[in-house]
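# Fold the following for me, if possible:
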Amino acid sequence: MRGVATTAPYGHGGTLPGLADVAAHYSTRGIPIQDSRAVGATEDWVPQFDHAAAGQLPAFLEILTGDVIVPN
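Next comes the predicted model:
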């Protein structure tokens, strides 16, 4: 996950421009976004993010960005 904040866009075909968009998408199990490139249906067992956690997730993922330190 290191550096994920620097690899936008996200999702199938780059349909989600930022981490906040990814969190919002998965907080609703991805159902509201209709993408003609997506195939299949969302299964009932797919978990839904807690809305409060979805709001905090982008900030956490941005913390994971940094220089890689290779031990000697």
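# hey, let's count contacts and neighbours off CA atoms from now on
Noted.
# residues near residue 6, how many?
11 (other C-alpha atoms under 10 Å).
# what's it sitting at in phi/psi?
Backbone dihedrals for residue 6, given as degrees, to the nearest 10, come out at phi -100, psi 10.
# check contacts around the residue lying closest to it once chain neighbours are set aside.
Leaving out its chain neighbours, the residue that sits closest to residue 6 by C-alpha to C-alpha, 6 or more residues apart in numbering is residue 65, at 7.6 Å. Taking C-alpha atoms under 8 Å, 6 or more residues apart in numbering as the contact definition, residue 65 lies against 2, 3, 4, 5, 6.
# Apply 10 Å and report the result again.
1, 2, 3, 4, 5, 6 (C-alpha atoms under 10 Å, 6 or more residues apart in numbering).
# pretty sure the first one contacts residue 66?
No: with contacts counted by C-alpha atoms under 10 Å, residue 1 stays clear of residue 66, the gap being 11.1 Å.
# Filter the contacts of residue 65 down to the buried ones.
In the contacts of residue 65, burial by neighbour count holds for residue 5, counting by 16 or more other C-alpha atoms under 10 Å.
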